[in-house]
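> my questions are about this predicted structure, shown below with the sequence.
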Amino acid sequence: MNRQLVVALLAFATVLAGIPAPAAAAVGQAAPQQTAACTFPVTVTDATGTEVTITDDPERIVTTNPSAAQTMWELGARDEVVGVSQYATYLDGAADKGNVSGSGGLNVEAVIGLEPDLVLVPNSSYNAEPDRIEQLRSADISVVVFESGESLAAVANKTERVGRMTGNCEAGVERAAEMRDSMANMEQALDGAERPVGLNSFFGYSSGSGTFISDIMTTAGLRNGAAEANITGFAQINEELVVEMNPEYIVVPDHAPVPSSPAYNSTTAMQEGNVIVIEAHKLQQPAPRAIESSEAILEAVHPDAYERYRQLETESATETTPTETTPTETTPTADATATDATEATTTTESSESTTESDAPGFGVVAGLAAIGAVALLARRR
C-alpha cells in the first residue's frame with residue numbers, strides 16, 4: 001500500500017479515536033496556522049483536567065522527564081527541545097540542552113529561563129510537585145501533563161499526541177503506527193505458543209498489572225507472575241511469593257543488580273540461567289523504544305516466534321515503504337504515570353536510571369527516599 005495513503009488513513013483514524021481537532025480561529029483572528037499535517041491553534045485536555053491551548057507550532061519545548069524527551073527524539077524533533085531532565089542525557093545531543101532538574105525535583109526557575117512555548121510533564125512529576133507545575137502555568141507557560149501509561153498501546157497513543165501538539169503530526173502517526181504494527185506482528189508470531197511465567201525485578205520491586213512493563217512482558221510471550229499474584233502497579237515483592245511463583249524467566253533492567261538470595265536462587269529462572277537483562281531506558285520508560293524490550297524478551301523466550309516476527313516486520317516495512325518511482329514528501333519527524341524511575345518512574349540517584357509511575361513510593365521525591373539506588377532510563381532505534 002502506498003505510504004502516503006497509509007499515513008492519511010491513520011491520520012483519519014486518530015480523528016475517529018478522539019484526538020482533539022484543531023480549534024477554529026476566533027472572529028477577527030488570523031486563520032489557523034498550517035504546519036505540515038498539523039493545524040494550530042489546538043486545544044487539549046490534559047491528565048489534570050486542564051484545557052491547554054497551544055496557539056502556534058511550538059519551537060521551544062521543555063521535557064521534564066526522559067520518556068518525553070525520548071519521544072521527541074523518536075519524532076526527529078530533538079532540535080525543538082531546549083530543556084531536559086538530568087536523566088535524559090543518554091540521548092544523543094541531550095547533554096547540550098538546558099538541565100531543568102534541581103536537587104529537590106523540577107527546577108522551575110530553569111524552565112522559565114528557557115522561555116519555552118510548551119512544557120511536557122509526566123503525571124508522576126505533577127503528583128509529586130503540583131505547586132511547581134502551577135508556578136509554570138502562572139508564568140503563562142503552556143504545560144501539558146500526561147496520564148499514566150499502562151500499556152504499549154498507551155505509549156503509542158502518547159507518541160501520536162506528542163506529535164500533534166508539537167507540530168510533528170506525520171512523524172507521530174508514523175512512529176505510533178510502527179509500534180502498533182510490531183505489537184500485532186508479535187501477537188501473530190506467538191499464535192499457539194505456550195507462555196512461561198516471568199517476573200520483572202528491580203531493587204526488590206516488580207511490575208504488576210496496570211503497568212506498561214507488564215504489557216511489555218505479555219506482548220513478548222510471557223505471563224506476568226506478579227500480575228497473576230494480584231500485584232498492581234509498581235510494588236515491592238516478598239521472597240515467599242517469589243518461591244511460590246517460581247518464575248521461569250526474570251527480566252532485569254541493566255542498571256539494577258540481578259537478584260541473588262536463597263529465594264531467587266531456588267527459581268527455575270536462576271537455575272537455568274534465564275535472566276534477561278535489558279537496557280533500562282528501553283524497559284522502564286513509557287516511550288517508543290519500549291517496543292525493543294518486547295523484542296528482546298521475545299527473542300530470548302521464543303526464538304522461533306522471534307524469527308517469524310522478523311519476517312512479518314520485513315513484510316510490514318515493504319508494504320509501507322514507497323517505491324523509487326513513487327517519491328513521497330516526508331515531514332521531519334500521546335502519557336504515563338511514572339516518575340523518572342518507573343511513567344513506572346522511580347527517581348533514584350544515578351546518571352542513568354529511571355522507571356516512570358504513580359505507584360506508591362515512585363514519585364520523584366518518594367523514589368529518592370524509597371530506593372536510593374539508580375534512576376531508570378530508556379532508548380529506541
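Cool, got the structure. Numbers count the residues shown, from 1 in each chain.

> what sits up against the helix or strand that contains residue 307?
Assessed by DSSP states H and E, residue 307 sits inside helix 303-320. Helix 303-320 is contacted from outside by 1, 3, 6, 177, 181-182, 185-186, 188-190, 193, 221, 295, 298-299, using Cβ atoms under 8 Å, 6 or more residues apart in numbering. For every residue, glycine as well, the C-beta is placed using N, CA and C.

> of the residues you listed, just say which sits nearest to residue 264.
Nearest to residue 264 among these: residue 221, at 22.0 Å, using Cβ to Cβ.

> tell me, how many neighbours does that closest one end up with?
Using other Cβ atoms under 10 Å, residue 221 is surrounded by 25 other residues.

> name the SS class of residue 180, please.
helix (DSSP: H, G, I helix; E, B strand; the rest coil).

> for it, which non-adjacent residue is spatially closest?
What sits nearest to residue 180 in space, not counting adjacent residues and going by Cβ to Cβ, 6 or more residues apart in numbering, is residue 156, at 5.5 Å.

> ok now the helix or strand harbouring the one you found, how far from the chain's centre?
Assessed by DSSP H and E, residue 156 sits inside helix 152-165. From the chain centre to the centre of helix 152-165 is a distance of 9 Å (Cα atoms, centre = their mean, to the nearest Å).

> which helices and strands does it pack with?
Under the contact criterion of 3 or more Cβ pairs under 8 Å, 6 or more residues apart in numbering; DSSP states H and E, helix 152-165 touches strand 42-45, helix 66-74, helix 169-189, helix 212-219, helix 290-301.

> after the shortest one, which helix or strand is next?
Proceeding N to C from strand 42-45, the next assigned helix or strand is strand 51-54, under DSSP H and E.

> what comes up buried for that next one?
Applying a neighbour-count criterion of 16 or more other Cβ atoms under 10 Å, the buried positions in strand 51-54 are 52, 54.

> elements contacting that strand?
Applying 3+ Cβ pairs under 8 Å, 6+ apart, one finds that strand 51-54 makes contact with strand 42-45.

> quick one: buried residues of the strand it packs on?
Neighbour-count burial for strand 42-45 flags 42, 44 (criterion: 16+ other Cβ under 10 Å).

> for that strand, packing partners?
On a contact count with 3+ Cβ pairs under 8 Å, 6+ apart, strand 42-45 meets strand 51-54, helix 152-165.

> quick one, which of those is packed in tightest?
Comparing those by mean neighbour count (mean count of other Cβ atoms under 10 Å), helix 152-165 comes out on top with a mean of 26.

> report the buried members of the contacts of helix 303-320.
Buried members of these, scored by 16+ other Cβ under 10 Å, are 3, 6, 177, 181-182, 185-186, 189-190, 221, 295, 298-299.

> ok now the helix holding residue 307, how far from the chain's centre?
That offset, for helix 303-320, works out to 23 Å (Cα atoms, centre = their mean).

> contact partners for the residue nearest to residue 180?
Residue 156 makes contact with 176, 179-180, 183, 288, according to Cβ under 8 Å, 6+ apart.

> tell me which of those residues is nearest to residue 246?
Lowest distance from residue 246 to the contacts of residue 156 (Cβ to Cβ) belongs to residue 183, with 28.1 Å.
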